[in-house]
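>>> When you get a sec, could you give me coordinates for this:
(4 chains)
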Amino acid sequence: MDSQTPVVDFSGVAVRLGSTVVLRDVDLTIDHGEVVGLFGGNGAGKTTLLNVIATAIRPTAGQARVLGVDLNGDERLTVRGRIGVIGHNPALYPELTLWENLDIACRLTGRPTDGIGDVLQTVGLGGAAGRQGSQCSYGMQRRAEFARELLLEPDLVLLDEPHSALDVAAAELVEHLTSSVVARSGAAVLVSHDRERVEKLASRSVELESGSLVDGLDRD
Amino acid sequence: MNGWGWVLWGYGVVFFAVGIYLWALMARTRSVERRLDELG
Amino acid sequence: MTAPATHHDVPASLRLTWLDKTAIVTLVVALGLAFLTPPEATQGNVARLFYLHLPTILVAYAAFATTLIGVVAYLATKDLKWDQLAGAAAEVGVVFTGFTIIVGMIWAKPTWGVYWTWSARLTLTAVMFFAYLGYLALRRAVDDPVVRAKRSSLLGILLIGLIPIVHFSVIWWRDIHQGGTILRPDEMQIDGILATALLAGFVAWSFTGAALIRRSWKLARLEGELDQRLRAGDGRVAGDAVDTPALDGSKDASS
Amino acid sequence: MGWIVTEPTLSSQALTIAGRDIQRERRRGEVLWVILPFGAIAMLLIPFGIGIDTPMLRRIGPGLFWVVVLLFGVLVTVRRTAADTDTEQALMLRLGVDPVAELLGRSAASVAMLIGFQLVVGAVTIALYDVDIARWPVLIALVPLVAIGLGLLGTIAGGISGSSGGANLVPFLVAPLAIPLLLAATQSMDGSTPTGGILGWLLLIVVVDIVLAVIGVLTARPLQEIR
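Coordinates of the predicted model:
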């Protein structure tokens, strides 16, 4: 991944869902190695912006490129495999065990499956590998998603309320994942209300207010 | 046709099936007992 | 000299209780009688299948009756062990209706030339098979033991209410067509030594049915206890499975 | 952890998806415990309605069986573990799964279950209706071909109707389109059809299966766009 083109390059991006304009004139550039904290009140459009970056929602206006791929073009689906997403509800098959869920993720993305044991150990779920998704607490399911993203090594990782439901011990998982992505010159976007925890991790913060970005406070 | 074939067939199926069901019951009970022991 | 395997360290599941032993003994006797008695006047040796067919029907219906008793007892006391009995008995009931149907068909082929004669008894047994298979399917579909007990006992009420009507309607339907030879074993004179063979069959299979229901109930109670321990200790047990992330241990130490 | 990534092929993804669906079904048991017995009791119930004159039942048994396979078998393709939640669909995108692989994998799992469905309900039908299956060799080709047709048709219809349709829209959509499968199945098993006729009907199902596969492949990507 050449490092000149920014990971995320949005200019004038807008999104209208039905009749309501959710995002208006969003300009956002995220370069390699950046960890961006995205803050804003409820309904400010944080999750929508995250979904646009994740190529899940198509922008209705403006120029949007992620990892060099134009989101309005038809190869937008090709970039999706390189973007890690951990959203509100955990994407686990309830009938399958945590190990089986990760096994499927590896096979579908062509990765060897022998790293599953280690990565479960890393997120502290070594003992729960054989437990079905439906029998895991919400926190355990979130950790399992971190394990998946650690395995799949995305170039860009998008975390929606990452600290929610994670106990103190697991909180540094967020930092571990974002730094492992950054170490591969990728980038991370963290949507959260937990300012002080995210600001500790983020190299930059942006503020979203009723659909458009206001000046964020830049650090380091 | 003395019918013995059908008789043996009938009894054979039932006794075989009872054996399988009894074995399954014991096996399932055994595994639950073991998991209970593990929990201490 | 190693101590003999004392009673308690042989796991419960493998230990033969008096009920098991009685069942085995009576089964052997019944089997002997079933094979040694002279062939029946009109149907010859094939009639020996009846010493198996009728007892399995008895056990099946007794099992289903136990289920309904369990359902009512659970509704009255809200004690899960009665729901566990209901489920255990239903499982044995479905297994034995399966036997009844199979033996009934094996008996029908040489006797009537077809596997299925739509006789009221066999048809009703098949209906019961599916009704209680549905009951088991419902129990299997619900994870939480209390919710499972509630839902399956309500289904039990539905079965209690409807099954007598199903029975009556099938008998009435067949009565119109077949004319009266419904519940009596089809034109067979069962007397003397043959009757003892049939009686032995009833006794043996009743003990076998009871022994299986006891074991199935024990299993259900153990599963209930295990589930309860897992749920109660969820924090602790889940806690065991969850420990602090071994971040330093992972291959690429975070920068 | 620099894993060596081997670009997954279409077939490897499809196989993984099929394995996932079968494993999910083995855990849930919805086909084994609900849909399959439901098909069997359908065969038991019909004579209550139309009478139990054995020669008649023997004659119409096969036809009724194939209708039950169509109307109840299709439920296999809309079982709970086949109807992905939004999060599960997003996960498929996240893992960069080729929509064609997903369609083929899902269909393959449904086909396997549909073969099982036909075998069990078929055995029940043979017993209850005293059907003589002198032409049983035809079934060796017919059962898989019908399963493929129904599996593809149900999976495609499921994709098209999405979660909005609910379980009942797919069987309704499938029923009229599955008529060729029904006709071919009943005719090729009918005693009076000459061997040439049988091959003709079997060929018809093969054509239906191929057409469905092509349509499935063509619609897979656009369907993903709609999501």
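
>>> From now on I want contacts and neighbour counts done on CA atoms only, so please keep to that.
Will do.

>>> Where does residue A:208 sit, in terms of helix or strand?
For residue A:208, the host element (DSSP states H and E) is strand A:204-209.

>>> helices or strands next to the strand or helix carrying residue A:200 in the packing?
Following DSSP H and E, one finds residue A:200 within helix A:195-201. For helix A:195-201, the elements it packs on are strand A:35-39, judged by 3 or more Cα pairs under 8 Å, 6 or more residues apart in numbering or on different chains; DSSP states H and E.

>>> Now find how far off-centre the strand it packs on is within its chain.
11 Å (Cα atoms, centre = their mean, to the nearest Å).

>>> What of stretch D:146-164?
8 Å.

>>> So which bits of it are buried?
Neighbour counts over stretch D:146-164 (16 or more other Cα atoms under 10 Å in any protein chain shown) mark D:146-162 as buried.

>>> can you check stretch D:18-27 too?
The neighbour-count check on stretch D:18-27 (16+ other Cα under 10 Å) flags D:18-25 as buried.

>>> Which of these fall in strands?
Nothing among these maps onto strands, per DSSP state E.

>>> Dump those to a markdown table, plus distance to chain C and pLDDT.
A markdown table is the format used below for the buried residues of stretch D:18-27 (distance: Cα to the nearest Cα, whole Å; pLDDT from 0 to 100):
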| residue | distance to chain C | pLDDT |
| --- | --- | --- |
| D:18 | 23 | 97 |
| D:19 | 22 | 97 |
| D:20 | 20 | 97 |
| D:21 | 18 | 97 |
| D:22 | 17 | 97 |
| D:23 | 16 | 97 |
| D:24 | 14 | 96 |
| D:25 | 12 | 96 |
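
>>> by contact count, what packs against the helix or strand where residue D:147 lies?
Using DSSP H and E, residue D:147 sits within helix D:136-165. If you count contacts as 3+ Cα pairs under 8 Å, 6+ apart, helix D:136-165 packs onto helix D:99-129, helix D:169-177, helix D:179-189, helix D:195-226.

>>> mind giving me JSON lines with those helices and columns for mean neighbour count?
Below are those laid out as JSON lines (neighbours: other Cα atoms under 10 Å in any protein chain shown):
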{"stretch": "helix D:99-129", "mean neighbour count": "22"}
{"stretch": "helix D:169-177", "mean neighbour count": "17"}
{"stretch": "helix D:179-189", "mean neighbour count": "20"}
{"stretch": "helix D:195-226", "mean neighbour count": "16"}
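
>>> out of those helices, nearest to residue D:75?
helix D:169-177 (7.0 Å; Cα to Cα).

>>> average pLDDT for the closest one?
Across helix D:169-177, pLDDT averages out at 84.

>>> which secondary structure elements does that helix contact?
Against helix D:169-177 (3+ Cα pairs under 8 Å, 6+ apart) you get helix D:54-73, helix D:136-165.

>>> The ones you listed: lowest mean pLDDT?
For these, where the average pLDDT is lowest is helix D:136-165, sitting at a mean of 88.

>>> Find the nearest non-adjacent residue to the closest residue to chain D within chain B, please.
Nearest to chain D, among the residues of chain B, is residue B:10, at 15.5 Å (Cα to the nearest Cα). Using Cα to Cα, 6 or more residues apart in numbering or on different chains and skipping residues adjacent in sequence, the residue nearest residue B:10 is residue C:103, 5.5 Å away.

>>> quick revisit: would you mind getting the angle between the helix holding residue D:147 and helix D:54-73?
In terms of direction (axes from the mean of the first three to the mean of the last three Cα atoms, to 10 degrees), helix D:136-165 departs from helix D:54-73 by 40 degrees.

>>> Helix D:136-165 vs helix D:179-189, what angle?
Going by the same axes, to 10 degrees, helix D:136-165 makes 160 degrees with helix D:179-189.

>>> helix/strand/coil for residue A:23?
Using DSSP: H, G, I helix; E, B strand; the rest coil, the structure places residue A:23 in strand.

>>> quick one, what contacts residue C:44?
B:2-3 (Cα atoms under 8 Å, 6 or more residues apart in numbering or on different chains).

>>> Report the contact partners of the residue nearest to residue D:144 when sequence neighbours are not counted.
Closest residue in space to residue D:144, ignoring its immediate chain neighbours: residue D:115 at 6.1 Å, by Cα to Cα, 6+ apart. Residue D:115 makes contact with D:143-144, D:147, according to Cα under 8 Å, 6+ apart.

>>> Kindly report the same for residue A:91.
Contacts of residue A:91 by Cα under 8 Å, 6+ apart are A:145, D:87-88, D:91.

>>> quick one: which of these is most hemmed in?
Within those, residue A:145 tops the neighbour count with 23 neighbours, counted by other Cα atoms under 10 Å in any protein chain shown.

>>> surely that residue meets residue A:88?
No. At 10.9 Å, residue A:145 does not count as touching residue A:88 under the criterion of Cα atoms under 8 Å.

>>> now the helices and strands packed on helix D:169-177 in JSON lines, with distance to residue C:172?
JSON lines is the format used below for the helices and strands packed on helix D:169-177 (distance: least, Cα to Cα, whole Å):
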{"stretch": "helix D:54-73", "distance to residue C:172": "19"}
{"stretch": "helix D:136-165", "distance to residue C:172": "37"}
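
>>> Tell me which of the ones you listed lies nearest to residue A:166.
Closest to residue A:166 of these, according to Cα to Cα: helix D:136-165, at 31.0 Å.

>>> low-confidence ranges in chain B?
Applying pLDDT under 70 to chain B flags residues B:1.

>>> Would you mind pulling the contact partners of stretch A:103-113?
In contact with stretch A:103-113 (Cα under 8 Å, 6+ apart) are residues A:116, A:148, A:151-152, D:3-8, D:12-13, D:16, D:20, D:95-97.

>>> so of those, which ones are in helices?
A:116, A:148, A:151-152, D:12-13, D:16, D:20 (DSSP state H).

>>> for the residues you listed, which one is nearest residue C:140?
Of all those, residue D:20 has the smallest distance to residue C:140: 20.8 Å, by Cα to Cα.

>>> give me the number of residues near the closest residue in space to that closest one that isn't next to it in sequence?
Distances taken as Cα to Cα, 6+ apart put residue A:104 closest to residue D:20, at 7.3 Å, once the chain neighbours are dropped. By the criterion of other Cα under 10 Å, residue A:104 has 20 neighbours.

>>> List the contacts of the one residue in chain D that gets nearest to chain A.
Residue of chain D nearest chain A, by Cα to the nearest Cα: residue D:96 (4.3 Å). Taking Cα under 8 Å, 6+ apart, we find residue D:96 in contact with A:77-78, A:80-81, A:108-109.

>>> Which two of these have the greatest separation?
A:77 and A:108 (15.3 Å).

>>> Mind checking which of those two has more residues around it?
residue A:108 (25 against 22).

>>> hang on, the earlier thing: would you check how far apart the residue nearest to residue D:20 and residue A:143 are?
For residue A:104, the distance to residue A:143 (Cα to Cα, to the nearest Å) stands at 17 Å.

>>> how close does the residue lying closest to residue D:101 once chain neighbours are set aside sit to residue D:29?
The shortest distance from residue D:101 to any non-neighbouring residue, by Cα to Cα, 6+ apart, is to residue D:14 (4.5 Å). Per Cα to Cα, residue D:14 is found 22 Å from residue D:29.
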